[in-house]
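Visitor: can't give you the sequence, but here's the structure:
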């Protein structure tokens, strides 16, 4: 298949890479747009993981109100004021606010789970009657799996992304890092639901 300028531009827009990189990806994929896009996404996510340690001091605070019953305020950080002011960054922050409204996470990442909360849940699972019936050698492994599943629902980055459940929120964040070229972090959020006091 031939490489067209329209495909190059389209790939550039979707992945945030330069024209030369977009053209190169299409040439390597022999003009197959989907194959080139997949290759660029993988490359972008690898770069995004390397950016994960960089400091994030800029950003925005985004809010979202759903049906006047659920309100969310979220702080989304990036490295520069330039990226923070881009419409696509604001749109990304808005999508994260919608995710929080829909899925009601308690923590941003697994590292944010307080150790006493984690330990208390672990002890509760270890003491369950069902577990006592299992072979002792398997109990620790079973509990680790149960803990992972339990906290996956409460950790924003581990939740299925509501706008595309083929990925987790962590993958969506990496995608945005790859597009913007900067590290991005969800620092804090607050979700309020009418009549519910947590």
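Guide: Cool, got the structure. It should be emphasised that the depicted structure is a prediction, and the values quoted were computed from it without experimental measurement. Numbering: from 1, shown residues only.
Visitor: Please make it C-alpha for all contacts and neighbour counts, starting now.
Guide: OK.
Visitor: can you give me the helices for the protein?
Guide: 5-15, 19-28, 33-51, 81-84, 87-103, 115-126, 129-132, 136-152, 169-180 (DSSP state H).
Visitor: Identify the residues contacting the nearest residue to residue 110 once chain neighbours are set aside.
Guide: Counting by Cα to Cα, 6 or more residues apart in numbering, residue 155 is the residue found nearest to residue 110 once chain neighbours are left out, at 6.2 Å. By Cα atoms under 8 Å, 6 or more residues apart in numbering, residue 155 lies in contact with 105, 106, 107, 108, 109, 110.
Visitor: related to what we said a few turns ago, quick check: which of the helices of the chain is nearest to residue 163?
Guide: helix 87-103 (8.1 Å; Cα to Cα).
Visitor: Which strands or helices does the closest one pack on?
Guide: strand 58-66, strand 70-78 (3 or more Cα pairs under 8 Å, 6 or more residues apart in numbering; DSSP states H and E).
Visitor: Give me the neighbour count for residue 7.
Guide: 18 (other Cα atoms under 10 Å).
Visitor: how many other residues sit next to the residue nearest to it when sequence neighbours are not counted?
Guide: Excluding its sequence neighbours, the residue lying closest to residue 7 (Cα to Cα, 6+ apart) is residue 33, at 6.9 Å. If you count neighbours by other Cα under 10 Å, residue 33 ends up with 20.
Visitor: how is the protein carved up into domains?
Guide: As assigned by automatic domain parsing, the chain contains the domains 5-51, 58-109+154-193, 114-152.
Visitor: Return the member of those having the minimum mean pLDDT.
Guide: Confidence, taken as mean pLDDT, is least for domain 5-51 of the domains of the chain (a mean of 72).
Visitor: Next one: the residue in the chain sticking out farthest from the centre from residue 3, what distance?
Guide: Checked against the mean C-alpha position of the chain, the extreme residue using Cα atoms, centre = their mean is residue 133, at a distance of 37.3 Å. Distance of residue 133 to residue 3, computed by Cα to Cα, to the nearest Å: 62 Å.
Visitor: Next, the contact list for residue 100, please.
Guide: 72, 156, 191.
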